[in-house]
Structure formats: C-alpha cells, structure tokens
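>>> fold the following.
(one chain, ligands or ions: 3)
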Amino acid sequence: MSARFEIDDGFIAEQNQIERADVDEDYDHLARKLRRSNVDIDELTIKAQAFRVAVPSWGVGTGGTRFARFAGPGEPRDVYEKLEDGGAIFRLVRSTPAVSLHIPWDKPENPTELREFARKRGLHFDAMNSNTFQDHPGQKLSYKFGSLTHPDPAVRRQAIEHNIECIEIGKALGSKSHTVWIADGGNFPGQLNFRRALDRYIESMRAIYKAIPDDWRVFLEHKFYEPAFYSTVINDWGTSYYCARELGRRAFCLVDLGHHAPNVNIEMIVARLIQFGKLGGFHFNDSKYGDDDLDAGSIKPFQLFLIFMELVDAEMTGAADFNPAYLLDQSHNVTAPVESLMLSAAELTRAYVQAHLVDRAALSEAQERCDAIAALSILKQAFTTDVSPILAVARQRAGGAIDPLAVYRASGYRRRKAAERPAATLVSAGIV
Ligand code: RM4
Ligand code: MN
Ligand code: MN
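Ligands and ions are numbered 1, 2, ... in the order given. All right, here's what the predicted structure looks like:
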C-alpha cells in the first residue's frame, strides 16, 4: 500500500514558488485596501485557514444521470482508494480533513484498519450516511415502495437495523454523527396516506434515535422530490424541523442546497433553523432546476454568500446550539471529481471570508433606518471584493497549494492512479 502514489509536500512547496511573488503582491494590495475600512487581512486569513468542509466518499467517483455515466480514468474502486483521493484533496487545499462515508457502498471489512489508513493521510470520518434508497445484494426485503415508512413493519425494521448498523460502524471509525435521507414517497395521488407515512417515519426514527450515542448528533435531510415525483415523506424544512423536535436534543435538520424548489429563499430557511436551534449541517452543491448536484458556487454564488451571511452572523453572535457540519454533496458528471471538490471547497471558503467582510454595524444601522439600498450596497461591497489572495495565502500557510488545480494537474496524480487502478469498474456515486 505504501507504494501508492501521493502528492508530496515538497512538490507542493516547489510549485508554490511559481506563483509566490504575484500572490504576495496581490495580498499586500488587498491588505492596504481592506485597511481603509479598518479590516485586518491577517484576521481574515486566520478565519480562512480555520474553515472546514468534509468531502463525500461518493463524490470522488464520477457521477452520472439516469441516462448514462461516463467513467474517468483511475477512478477509485473501493473505500481505500476513495480515501486516497480524499487525502490528495486535503493535501492541496488543507480545509477538508474529514470524509463522509455511505453505507453499504463504503462498508469496511475492518474499521480499525480503515481508521488507521485515514489517520495516516491526516483524515478522519465525518457523518455516516445510511442508504435505504436502493436494494443491496443479499438484502431480504425490497425498498421499492419505501423504507422507514413502508407499510410492511418488517421492511421498516430492516431499514431501522441498517441505520443502527451504520451507527455501529461509525462508532468504530470515530464518527460523531449520522445522516438519514430517505427516498420514501409516492408517484401517484392516493398512493400514500401522507399522515400515516409521517407517523411511521417518526416511529422508525425514534428507534434509530435510541441508538445515537450521547455525544453524537443525527441529521434529518429533507428533499422535496425525486426519486418520488408526486409526494415525498420528508419533503421540506418544516417537516424536518417538526421531526427533529419530536426526536429530541440530538436530532437536527440538514440542509442540502439542491433539495428545494427553484427560487426558494434558502438563506431564510437557514436563518429560521438557526433561530430555532436545529440547524445541524449542510450538503453544499449548486442547482439550476432541481437536485442537479452541480459544483458549489457554480450557478448562484450570491445565494451561497447570503447563506454564509446567516452562518457567520450566527457564529459572531454566539447563537445557541450552533455547530453546523459542512459537507459537499455533488455529482461530478463531466469534470474530474478531485478537481471539482477542490474548487468547491475553495468556493465555500470564499463565501465564508466574504461574509466576514460585511460591515455588520453599518448593515444594522441601515436596517433600522429602513434604508434598503444602503443595506444591499453593504452586502454587495463584501460580495464583490475579490478575496482570492486571502484564500491562496491561507492554503499556502497551511502547507497547501497556492493554485490547487495547477499543482494537482502538474503532479500527474490522475495518470499515476490510472496506472495503479487498472480494472476500474462501476463505483457508486451520488446520482440521485
Ligand atoms: C441524495 C441526498 C443524499 C445523498 C444521496 C446520494 O439526493 O442528497 O444526501 O446521500 O443523494
Ligand atoms: Mn444530500
Ligand atoms: Mn441530493
């Protein structure tokens, strides 16, 4: 295993020399500009360095649509190779030390060994994810008509046990949270009794909740449609919030940016969940039409910024029960997944830093004066500030790459992995 190719710290440092002088110049210029508004650039750089987002194991494989999947060279074939790719991303961007696993796609034969494999690469495990949205080899009962809300109690029991198994694996891996997303729903009016289905969900979740250790959290992920096209049991944040409240203090809501109808004001949902002390985490991605799972910040960067406005506000005001877990959840259909994930991680850091640039005292004054145009201008000033030099310097100070994409490509990682991983067969990816 030690013979596997890894991107070396020395190589990163050497490549950084190419950009170093330009970045320093840009950073100094930005520092002077920010100083005029009494902003200390180094404080922002420290914030950028501390920002963390987890990488999904299912995101390092090429994604696909219901039409086709076009596999790329050197795709990871198992959980170890997925962690290798996660390790490469972490080396270059330094903000992604955690990987989130999906069971049974990533079910480890030996969790202790897997944990050690991750540790050697500076990685640890983020939330566990159960999968009752498809049938798995050897499974007794089918999830075709639902899992935690299925009319047959035996199917519900099987789905509950699967979730408990995920928690058990997570304990062995050192994870501290479990995410439940179910595909349960209906395609035809009349197919489901809405209220009965939700009752069953809560009953099933109570059984899972009992298995959640005291120092863990469970995240409930809602999604308004797909694969069910008429009704979905956990369809919106209100339903999710109700369930989280019913379950208890370890249950929180998870917001996946792709799981809302077009034009929904997601930043406001975020604010509401913060206010109610039930915001548990995020699945970041971007979308145009539905759950497109496009790269974070690629379609609606202003929306991403506005979401971070709320998150940073909660951070700065010390909102109660606020400790959101950030994860990317994207499907990379036409790009190299490692490249997309690195750039997406940087987009999140960008939005986070820009949100720190907002002059909150001035914003608050503008709000009290009912000066709408001044309020928007304050936001726009932060959003249009190019903080790229801060991101580059933060990465470099942490030992990462000034330009992760260029260094990744120069390293020949993909070519080397294509040689090391010849028999690439289908890997499970985030396709729904
Ligand atoms: C779903 C949802 C879940 C993810 C699966 C793969 O749409 O976003 O979080 O685990 O896709
Ligand atoms: Mn998701
Ligand atoms: Mn999704």
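
>>> how much space between the residue lying closest to Asn333 once chain neighbours are set aside and Ala314?
Spatial nearest neighbour of Asn333, chain neighbours left out: Gly63 (4.8 Å); criterion: Cβ to Cβ, 6 or more residues apart in numbering. C-betas here are computed from N, CA, C, even on glycine. Applying Cβ to Cβ, to the nearest Å, the value for Gly63 to Ala314 is 31 Å.

>>> now do the strands in the stretch 251-400 of the chain.
Per DSSP state E, counting those that start in this stretch, the stretch 251-400 of the chain carries strands over the ranges 251-256, 279-284, 325-328.

>>> correct me, but the residue nearest to Asn333 touches Val334?
No: when contacts are counted by Cβ atoms under 8 Å, Gly63 is not listed as touching Val334 (9.1 Å).

>>> still on that earlier bit, tabulate the strands of the stretch 251-400 of the chain (CSV), appending mean pLDDT.
Formatted as CSV, the strands of the stretch 251-400 of the chain follow (pLDDT from 0 to 100):
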stretch, mean pLDDT
strand 251-256, 98
strand 279-284, 98
strand 325-328, 98
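
>>> more neighbours: Gly63 and Val334, which one.
Taking neighbours as other Cβ atoms under 10 Å, Gly63 and Val334 compare with Gly63 leading, 22 against 9.

>>> the more buried one and Asp293: what is the separation?
7 Å.

>>> please apply the same query to Phe133.
For Phe133 relative to Asp293 (Cβ to Cβ), the value is 14 Å.

>>> so which of those two has more stuff around it?
Asp293 (26 against 14).

>>> got the phi and psi for the residue of the stretch 1-150 of the chain found nearest ligand 1?
At 5.1 Å from ligand 1, Asn129 is the closest residue in the stretch 1-150 of the chain, using Cβ to the nearest ligand atom. Asn129 adopts backbone torsions of phi -130, psi 130, taken as degrees, to the nearest 10.

>>> what sits against it?
The contact partners of Asn129, by Cβ atoms under 8 Å, 6 or more residues apart in numbering, come to 100-103, 166, 178-179, 181.

>>> which pair of those spans the longest distance?
Of all pairs drawn from the contacts of Asn129, the widest gap by Cβ to Cβ lies between Leu101 and Trp181 and measures 14.0 Å.

>>> quick check on the two: which one has the bigger neighbour count.
More crowded of Leu101 and Trp181, by other Cβ under 10 Å: Leu101, with 27 against 21.

>>> and the angle for the helix or strand where the more buried one lies with strand 279-284?
Secondary structure from DSSP states H and E places Leu101 in strand 98-102. Interaxial angle, strand 98-102 versus strand 279-284 (axes from the mean of the first three to the mean of the last three Cα atoms, to 10 degrees): 90 degrees.

>>> coming back round to it: for the strands of the stretch 251-400 of the chain, which one ends up most surrounded?
strand 279-284 (a mean of 27; mean count of other Cβ atoms under 10 Å).

>>> that one to strand 251-256, inter-axis angle?
20 degrees.

>>> quick check, Ala71 in contact with Thr62.
Yes: contact criterion Cβ under 8 Å: Ala71 and Thr62 qualify, at 5.4 Å.

>>> when those two are compared, which one has more neighbours?
The neighbour comparison of Ala71 against Thr62 (other Cβ under 10 Å) goes to Thr62, with 23 against 14.

>>> host element of the more buried one?
Under DSSP H and E, no helix or strand contains Thr62.

>>> show me what the host helix or strand of Ile167 is packed against.
Ile167 is part of helix 153-173, with elements assigned from DSSP H and E. For helix 153-173, the elements it packs on are strand 98-102, helix 111-120, strand 124-129, strand 177-180, helix 194-210, judged by 3 or more Cβ pairs under 8 Å, 6 or more residues apart in numbering; DSSP states H and E.

>>> tell me the buried residues in the second one?
Spelled out, it's helix 111-120. By 16 or more other Cβ atoms under 10 Å, the buried positions in helix 111-120 come out as 111, 114-115, 117-118.

>>> and for it, what's in contact with it?
If you take Cβ under 8 Å, 6+ apart as the criterion, helix 111-120 is touched by 1, 79-80, 83, 99, 108, 124-125, 169, 172-174.

>>> mind doing that once more with 7 Å?
79-80, 83, 99, 108, 124-125, 169, 172-174 (Cβ atoms under 7 Å, 6 or more residues apart in numbering).

>>> just the buried members of the residues you listed?
Buried members of the contacts of helix 111-120, counted by 16+ other Cβ under 10 Å: 79-80, 83, 99, 108, 124-125, 169, 173.

>>> and the helix or strand hosting Arg32, how far from the chain's centre?
Secondary structure assignment for Arg32, by DSSP H and E: helix 9-35. Computed by Cα atoms, centre = their mean, to the nearest Å, the chain-centroid distance of helix 9-35 equals 28 Å.

>>> let's have the helices and strands packed on helix 153-173 in CSV, adding mean pLDDT.
Below are the helices and strands packed on helix 153-173 laid out as CSV (pLDDT from 0 to 100):
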stretch, mean pLDDT
strand 98-102, 98
helix 111-120, 98
strand 124-129, 98
strand 177-180, 99
helix 194-210, 98
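
>>> among the ones you listed, which is nearest Ala48?
The closest of these to Ala48 is strand 98-102. By Cβ to Cβ, the value is 17.5 Å.

>>> parallel or antiparallel, list what pairs with the closest one.
Paired with strand 98-102 in the same sheet, following DSSP bridges, are strand 55-56 (parallel), strand 124-129 (parallel).

>>> could I get those as a markdown table with distance to ligand 2?
Output for those, formatted as a markdown table (distance: least, Cβ to the ion, whole Å):
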| stretch | distance to ligand 2 |
| --- | --- |
| strand 55-56 | 8 |
| strand 124-129 | 8 |
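
>>> the ones you listed into TSV, with extra columns for distance to Gly281?
Below are the strands paired with strand 98-102 laid out as TSV (distance: least, Cβ to Cβ, whole Å):
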stretch	distance to Gly281
strand 55-56	12
strand 124-129	7
